[in-house]
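> sequence? don't have it. structure:
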């Protein structure tokens, strides 16, 4: 049979169809009949490959410390910020859960490709505004969907973004140098199309809670398209370093710390001996009474009630002095 000829003739195909229709041909025969089939779309990216989410969580934890200090310095408020675990979700699924009005800010993160997004919930804005003018950081209730931010509120948003960008830039510095550029702002997240509906995005959510009022609870979202992180994918696969990795710098810092500790002053006591008596015996003692005790072989140097050295007591010139005999390890029994 040549390659151009069909494997079955039209008559054979018709006979098979008829057998299937009347049930005379079984359809439950073959191999791997119990295998479950799972749908797979070849056009989508696998979010479990290429990016170490734990590395992003470490960056976010460092960012929170810097962001709180920046907010305290600029807006006179230090909100309690709780990070959530970094998620990789579809952009459409993320957008549908948001309700206007929100401070939606489109940004560029060089050297990442495309656009990213910073979403600030109104409660964070009003809580910061209240604290800035001497209030207690109270938030607000639900706002009308079409409500615009006033010029004063817009100014507070810009200040928050400046602190946000500065803190995030420093938090990313162990991995990559990142620069931020604010492109535009919206109040409706539906108009912020930084990715297609089915595209994957990296969601970093920071929940902000004021110190004095439960109504001051909101969130700040950092949304980065998954494809934008490809330039630093190899760096995110490994654990993020907390320093610059410069061994010479680390050694210099360690030596300076040791030198600073050596300048600390310590008060030393020399214990010649000790004995134990009852309170009644102590009360009966008179001037001239003698206390008898067995002298130890060596005196003991104490620092903050901790034994440090066994020493011999003597003189050097006109001064009473001690000579170190043995250093005492903290693990040794010091009750004798």
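Yep, it's here. Bear in mind that the values here come from a model prediction, so they are computed numbers and not experimental data. Numbers count the residues shown, from 1 in each chain.
> low-scoring stretches of the chain, by residue?
Within the chain, the stretches with pLDDT under 70 are 1-6, 25-51, 77-78, 135-142, 210-216, 237-249, 330-336.
> May I see the domains of it written out as residue ranges?
Following automatic domain parsing, one finds the domains of the chain at 53-242, 267-336.
> The ones you listed: which one's closest to residue 256?
With Cβ to Cβ as the measure, domain 53-242 is the member of the domains of the chain nearest residue 256 (18.4 Å). Where you see a C-beta, it was placed from the backbone N, CA and C, and this is true even at glycine.
> Now the domains of the chain in CSV, please, with extra columns for distance to residue 253 and mean neighbour count.
Converted to CSV, the domains of the chain look like this (distance: least, Cβ to Cβ, whole Å; neighbours: other Cβ atoms under 10 Å):
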stretch, distance to residue 253, mean neighbour count
domain 53-242, 13, 17
domain 267-336, 26, 10
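> can you give me the helices for the chain?
Using DSSP state H, the helices of the chain run over residues 10-22, 53-75, 91-95, 122-132, 151-172, 233-237, 247-262, 279-284.
> Which strands or helices does the longest one pack on?
Other helices and strands packing on helix 53-75, by 3 or more Cβ pairs under 8 Å, 6 or more residues apart in numbering; DSSP states H and E, are strand 80-83, helix 122-132, helix 151-172, strand 200-209, helix 233-237.
> could you dump those to TSV with distance to residue 115?
Formatted as TSV, the helices and strands packed on helix 53-75 follow (distance: least, Cβ to Cβ, whole Å):
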stretch	distance to residue 115
strand 80-83	23
helix 122-132	22
helix 151-172	15
strand 200-209	11
helix 233-237	19
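> Which of those sits closest to residue 18?
Nearest of the helices and strands packed on helix 53-75 to residue 18, taken as Cβ to Cβ: strand 200-209 at 48.9 Å.
> Kindly calculate the angle that the closest one makes with helix 151-172.
Calculated by axes from the mean of the first three to the mean of the last three Cα atoms, to 10 degrees, strand 200-209 forms an angle of 120 degrees with helix 151-172.
> Figure out how far strand 200-209 is from the centre of its chain.
Taking Cα atoms, centre = their mean, to the nearest Å, the mean C-alpha location of strand 200-209 is offset from the chain mean by 12 Å.
> try stretch 229-236
Relative to its chain's centre, stretch 229-236 lies at 18 Å (Cα atoms, centre = their mean).
> now stretch 84-93
17 Å.
> re earlier: let me have the domains of the chain in JSON lines, extended by distance to residue 252.
Formatted as JSON lines, those follow (distance: least, Cβ to Cβ, whole Å):
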{"stretch": "domain 53-242", "distance to residue 252": "17"}
{"stretch": "domain 267-336", "distance to residue 252": "29"}
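> Of all those, which one comes closest to residue 255?
In terms of Cβ to Cβ, the element of the domains of the chain nearest to residue 255 is domain 53-242, at 19.5 Å.
> now for this structure, which residue lies nearest the mean position of the chain?
Centroid check for the chain by Cα atoms, centre = their mean gives residue 61 as the closest residue, at 2.1 Å.
> how far away is it from residue 89?
Separation of residue 61 from residue 89 (Cβ to Cβ, to the nearest Å) stands at 21 Å.
> what does residue 301 give?
Counting by Cβ to Cβ - residue 301 and residue 89 are separated by 64 Å.
> just residue 196 next, same as before
Between residue 196 and residue 89 the computed distance is 13 Å (Cβ to Cβ).
> Show me what residue 269 bridges to in the sheet.
Taking DSSP bridges as the rule, residue 269 bridges to residue 302.
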